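Engineer: Following is a predicted model, sequence given first.
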Amino acid sequence: MTAKKYEFLSDEDVESFLTTGMVCIRNAFTSEQGEQWSRDTFVRLGYDPHDPETWAQTRIHMPSLNHRPVKDFSPRAWGAICELCGGEDRIQQPAQWGDSFIVNLGAPEHAETWQPPTANSPGWHKDGDFFRHFLDSPEQGLLTIILWSDVLPRGGATFVATDSVPVVARFMADKTEGTLPNSFGFKDLIAQCHQFIEATGKTGDVYLMHPYIL
């Protein structure tokens, strides 16, 4: 009898990560946990959740006030992270999540002008604006998209290019001197990609992504 290789990832999860550079861990934490962490968002912003006229900005990067070890907050997500990274001992500590939410409140005109993701969509980038990027940079092992609330199709989800990992890897392999965050030439890189998704889901879903993904 062959022992199961993974405890938290399924064979389909592993195949998804190898072929698309990402996997979604559904129900990695409860809706109650998500509500507990996000319920003060409008208070922190000073907005009335029932009055869009008070929403001075519709997209805000909030600073973090609270942190919890991922291992304690979501054992399921932490287990999957460790399996993708090759073990807990390969992850720099403390590994924490915080309430530095990226809030997308939306607006009526956004719904009217929404377009599905393509290479021509604005804003394509590779995460990591705080270090010089090398092919084996240790600063990032995985990227996460944590859904603290339901994110519906056409509801402001992050666009992901699921065939971008080899494109970025080839680019970085040629840059032995490293690449600054603003020197990637993302327009040229995304033009080589053809597979795109919206990172939608329910509260508690967590996307784990290769650090080279656009």
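Structural biologist: Noted; the coordinates are in hand.
Engineer: separation between residue 53 and residue 78?
Structural biologist: 41 Å (C-beta to C-beta, to the nearest Å). No exception for glycine: its C-beta is placed from N, CA and C like everyone else's.
Engineer: which one of the two has more residues nearby?
Structural biologist: residue 78 (22 against 7; other C-beta atoms under 10 Å).
Engineer: How confident is the prediction for the more buried one, by pLDDT?
Structural biologist: At residue 78, the model reports a pLDDT of 97.
Engineer: again with residue 30
Structural biologist: 95.
Engineer: Quick check: next helix or strand after the helix or strand bottoming out on mean pLDDT in the chain?
Structural biologist: Using mean pLDDT, DSSP states H and E, the weakest-scoring helix or strand in the chain turns out to be helix 108-113, at a mean of 75. Counting by DSSP states H and E, the element after helix 108-113 in chain order, helix or strand, is strand 143-146.
Engineer: What lies in contact with the helix or strand that comes right after that next one?
Structural biologist: Per DSSP H and E, the first helix or strand lying C-terminal to strand 143-146 is strand 159-161. If you take C-beta atoms under 8 Å, 6 or more residues apart in numbering as the criterion, strand 159-161 is touched by 22, 117, 119, 121, 123-124, 190, 193, 195-199, 207, 209, 213-214.
Engineer: got the contact list for residue 68?
Structural biologist: 96-98.
Engineer: cool, residue 8 as well?
Structural biologist: 25, 76, 79-80, 82-83.
Engineer: Next, count neighbours for the closest residue to it other than its chain neighbours.
Structural biologist: Nearest non-adjacent residue to residue 8, counting by C-beta to C-beta, 6 or more residues apart in numbering: residue 79, 3.5 Å away. The tally of other residues near residue 79 (other C-beta under 10 Å) stands at 19.
Engineer: for the helix or strand hosting residue 79, which positions count as buried?
Structural biologist: Secondary structure from DSSP H and E places residue 79 in helix 75-85. Buried residues in helix 75-85, counted by 16 or more other C-beta atoms under 10 Å: 76-84.
Engineer: which outside residues touch that helix?
Structural biologist: Contacts of helix 75-85 (C-beta under 8 Å, 6+ apart): 6-9, 13, 17, 23, 25, 27-29, 70-71, 88, 91, 95, 141-142, 144, 206, 208.
Engineer: after it, next one along is what?
Structural biologist: Downstream of helix 75-85 (by DSSP H and E), the next one is strand 96-98.
Engineer: Please indicate which of the contacts of strand 159-161 are buried?
Structural biologist: Buried among the contacts of strand 159-161 by 16+ other C-beta under 10 Å: 22, 117, 124, 190, 193, 196-199, 207, 209, 213-214.
Engineer: Report the beta-bridge partners for the spatially most central residue of the chain.
Structural biologist: In the chain, the centroid-proximal residue (C-alpha atoms, centre = their mean) is residue 145; its distance is 2.7 Å. With DSSP bridges as the criterion, residue 145 is bridged to residue 207.
Engineer: Before I go, just wanted to say thanks for your time.
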